[in-house]
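Asker: Sequence and predicted model, in that order:
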Amino acid sequence: MNFVLFSIGVASPFLALSALTLGAVGAALMMLMLSEFFGFIHPKRTVLYIAWSWLVGSICVIFIRVLPFAYVWACMVAAPVVVVLCMWRSYKTLTNAELSFSSDRRSSFPWLPIVPIALCAVMKRCVNVMAPIGVPAWAVNDVGMLLAGAIILLGLAIYRGNMDLRSLWGVSVGGMAFAIAFLCVSVFGGSTICGFLAAVISTVSYQILFILMTAIFANMAYRYGLCALWLFSIEHAVNMTSGSCAEVGMEVLQASTLVGLGVLVSLFAVFSAVALAVISLLFANFSPDSLWGLSLEEEGSFAENERLRYACERIVKAHGLTQREGEVLLMCVKGKKPAAIASELFIEVSTARTHIKHLYTKLDVHSSKELIGFVTEVANRVGFGNVAD
């Protein structure tokens, strides 16, 4: 349809709207199919794949933009076919150990994980609207995605795959703070260069946080048997809705004569400071492992950790353990001491020891070695399956 509109020169608003709608629906479905695949793999692989795709994709987009229209059209026609074939091949490479298992855990709307996404989307869009960048918005987005992918790949290369992905939220918050500072300099000092830097840094910061949250959502889908399409539909919808509403609202405020640009930027800086403080509080004071299902520092293979986790869920149901006792049980099986358990669950060490004593009593074991052996035996017997069975 786009080829007919732009190459042949047919003027048809209906055709243009149809092409836009079909393209948006197709792209959304492909994104959700890709997100579903992320629910089957280790979060670090998810981050690695996203970073590489953004880096290579940004380079391809920059290259395609300078091609004649006929070549651009050929690339765009081939792209969806290539995407579907690559996703099909990716699914074929999954092993049985990587396939997600169903769970009877109750799930609710993921309010906590979407807060950082919504706040960062608002800040990124508003910075791009207010900053005098002097270049097209698509150029800022291309450069931002390329740099975000490059930064994460560099971190993974430096730490040889042992990079703590939770540190990405600190990089994102710090970068967004710098972006707001550059925005203030660009508006009050009239610097286009600072405006461009503000827009690029805010885009990079948002994309880095988005990659981290994608890993968290993918891990939630794997660990708790939640529908990845449901989770990622929420993630993308919150991202687009909050960002678009903020962008439109900021454009309306800029166009009005009620609030001057200086006052508007000052108010936005205050809002950004509060938003960054909220994001920092969420990541610093809550345990991602217990609240969001993120587990990135476990020893051993990912499949083995999931097998032990599933066995612990079976034991919880069979022996009437509480949810907290189940969490402590899994940590004990991984060899964590009471102090480490207390630190991760934000409880007192004495409370952790009390939970361990209750586990010994309920499971009729007398030492950590017997406890680990009990769970390992269950894991070897049941493997993966439905927790309710």
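Answerer: Happy to help now that I have it. What you are looking at is a predicted structure, and each value in this text was computed from that prediction instead of being measured. Numbers count the residues shown, from 1 in each chain.

Asker: I'd guessed Ser244 sits against Arg125; true?
Answerer: Yes - Ser244 sits in contact with Arg125 when judged by C-beta atoms under 8 Å, with a separation of 7.3 Å. In this view, the C-beta of every residue, glycine as well, is placed from N, C-alpha and C.

Asker: Between these two, which is the more surrounded one?
Answerer: Per other C-beta atoms under 10 Å, whichever of Ser244 and Arg125 has more neighbours is Arg125, with 23 against 13.

Asker: List the buried residues in the strand or helix carrying that one.
Answerer: Under the criterion of DSSP states H and E, Arg125 resides in helix 111-130. Of all the residues in helix 111-130, those buried under the rule 16 or more other C-beta atoms under 10 Å are 113-114, 116-130.

Asker: Let me see the mean pLDDT of it.
Answerer: Here helix 111-130 scores 88 as its mean pLDDT.

Asker: try stretch 31-47
Answerer: Here the average pLDDT along stretch 31-47 is 80.

Asker: now do stretch 234-241
Answerer: 88.

Asker: And it, how far out from the chain middle?
Answerer: 12 Å (C-alpha atoms, centre = their mean, to the nearest Å).

Asker: if we look at it, which residues are touching it?
Answerer: For stretch 234-241, the external contacting residues (C-beta atoms under 8 Å, 6 or more residues apart in numbering) are 28, 31-32, 35, 109-110, 113-114, 117-118, 121, 210, 213-214, 217.

Asker: what do you get if the cut-off is 10 Å, keeping everything else the same?
Answerer: 28, 31-32, 35, 109-111, 113-115, 117-118, 120-121, 124, 206, 210, 213-214, 216-217 (C-beta atoms under 10 Å, 6 or more residues apart in numbering).

Asker: in what helix or strand does Leu276 lie?
Answerer: helix 261-285.

Asker: how big is the angle separating that helix from helix 111-130?
Answerer: Counting by axes from the mean of the first three to the mean of the last three C-alpha atoms, to 10 degrees, helix 261-285 lies at 150 degrees to helix 111-130.

Asker: other SSEs contacting helix 261-285?
Answerer: On a contact count with 3 or more C-beta pairs under 10 Å, 6 or more residues apart in numbering; DSSP states H and E, helix 261-285 meets helix 111-130, helix 168-189, helix 192-224, helix 228-255.

Asker: Mean pLDDT per element in the chain, and the minimum belongs to which helix or strand?
Answerer: helix 288-291 (a mean of 46; mean pLDDT, DSSP states H and E).

Asker: packing partners for the helix or strand following it?
Answerer: The helix or strand immediately downstream of helix 288-291 is helix 302-319, counting by DSSP H and E. Packing contacts for helix 302-319, counted by 3+ C-beta pairs under 10 Å, 6+ apart, involve helix 43-65, helix 192-224, helix 323-333, helix 349-363, helix 368-382.

Asker: Using CSV, write out every CA atom in helix 302-319.
Answerer: Coordinates of the C-alpha atoms in helix 302-319 are reproduced here as CSV (Å, rounded to 0.1, in the frame of the first residue of the first chain):
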residue,chain,number,x,y,z
PHE,A,302,19.2,-21.6,34.9
ALA,A,303,17.3,-24.8,34.2
GLU,A,304,18.6,-26.5,37.3
ASN,A,305,17.6,-23.5,39.5
GLU,A,306,14.1,-23.6,38.0
ARG,A,307,13.9,-27.3,38.7
LEU,A,308,14.7,-26.7,42.3
ARG,A,309,12.3,-23.8,42.6
TYR,A,310,9.5,-26.0,41.1
ALA,A,311,10.3,-28.7,43.6
CYS,A,312,10.1,-26.2,46.5
GLU,A,313,6.7,-25.1,45.2
ARG,A,314,5.5,-28.8,45.3
ILE,A,315,6.9,-29.2,48.9
VAL,A,316,5.1,-26.0,50.0
LYS,A,317,1.8,-27.3,48.8
ALA,A,318,2.3,-30.9,50.1
HIS,A,319,3.5,-29.9,53.6
